[in-house]
Every structure is written in structure tokens, then in C-alpha cells.
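Chemist: Here is my input, please return the structure:
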Amino acid sequence: MLAVYIIIGIILLFLLVAALVGTKWQFERSVLINAPIEKVWQNTNSLHAINRWNPWLDRDPNVRQEYTGTDGAPGAAYAWDSAEKNVGAGNQTITGVKENTEMTSRINFIRPFAGVGDAWIRLEHERGTTRATWGIASSTPYPMNILKLFGVIEKNLNRDFTKGLGQLKALSEK
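Modeler: Below is the predicted model of the structure:
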């Protein structure tokens, strides 16, 4: 009987910690690029341009892709569908554009996990270079949000954002 109480206590503690952690999270990384902001902007100003350095597309050369709307303008959308687990399916819609400075978008993830995120790419001059900052804000449903405590989100995103920003840097410095 004591074992049952211990198990119930552990479950309640788990649920309490998950409630205290919160569901929202944000992640961003940046890189300095030895190129003028206008050149870097050409690689970040549209969904087609972003997909030239998108690290997830490297995982499945057969991913199905569809673009709609006027790319580079609010309302333009991109959808992808892949059988690869780490690519999955979803769509991304441009929500805002500030010339040579920022593009924001809403991402709807369908597979492997459903979710919604607000993403951005910001450019700024920094001592003769361009700082490109790529980020996303989202949430993880309760009680799965306890994963935040173990750094799972940061570990996975850090790997992919670092690769993507490295590819953006190489592309922009050509």
C-alpha cells in the first residue's frame, strides 16, 4: 500500500512541477555575416529564399512543397509534407515584412506534433557586418511542457538553427 502512495505522490509532484514550469517558450540564435544587409536580405526576404538554407529540407530531398500568394509579402504561404519524421508536415504564412530588417511568419505544425509558432528573422548592421537573428516562440501543452526542464527543445533547435544560420552565412558571403 505504501508503494501506491509513493507512486501517486510522484505523479502529483510531476503534474505540479509541469504546472509551475509554464507552457510558453522562445528560442533564438544569431550569426554575424560578412556581407551587406541588402545581400543577406535577399536570402531571408521570402519563403523561397529561406528554403535555400532551411536545415530541415536537407533531411528529405523528396519533400512535397507548395507555395501560394505573392512570396515575400504578408499572406504568402508555404506548405510541406514529408514522410520523414523529423520533417513532418505543416505550413508557414508570412505575417509581416520590414524591408531589409525583418520578416515574421506563423508556422502551423501538423506532424509529427501539432503546434503553432511565431517565427522571425531580423537583420541589423553590426560593425561592418550583418547580424542575422532567427527565432521562434511557441508553447508546449501541459503536462508535456515539463520537457522544458530537461532542455530537449533547446538541444534540438540549437542544432538545427546553428546549421541553418551557417548555411545562410555561407550563401550570403559568396
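
Chemist: Now do the residue most central in space within the chain against residue 93, distance only.
Modeler: Closest residue to the average C-alpha location of the chain: residue 136 at 4.9 Å, with CA atoms, centre = their mean. Here residue 136 is placed at a distance of 14 Å from residue 93 (CB to CB, to the nearest Å). Bear in mind the C-beta positions are built from the backbone N, C-alpha and C, glycine included.

Chemist: Kindly report the same for residue 51.
Modeler: Taken as CB to CB, the span from residue 51 to residue 93 is 14 Å.

Chemist: again with residue 67
Modeler: From residue 67 to residue 93 the distance is 11 Å (CB to CB).

Chemist: Would you mind telling me which of these two has the busier surroundings?
Modeler: Using other CB atoms under 10 Å, the more surrounded residue of residue 67 and residue 93 is residue 93, with 18 against 14.

Chemist: Please list all residues in contact with that one.
Modeler: Residue 93 makes contacts with 75-78, 105-106, 108, as judged by CB atoms under 8 Å, 6 or more residues apart in numbering.

Chemist: which residues of this protein fall in helices?
Modeler: For the chain, applying DSSP state H gives helices covering 2-21, 37-42, 47-50, 152-172.

Chemist: any idea of the mean pLDDT for the first one?
Modeler: Per-residue pLDDT values over helix 2-21 give a mean of 72.

Chemist: The last one too?
Modeler: Across helix 152-172, the average pLDDT comes to 91.

Chemist: what's the answer for the shortest one, then?
Modeler: Taken as a whole, helix 47-50 has a mean pLDDT of 96.

Chemist: Nice, that's everything, thank you.
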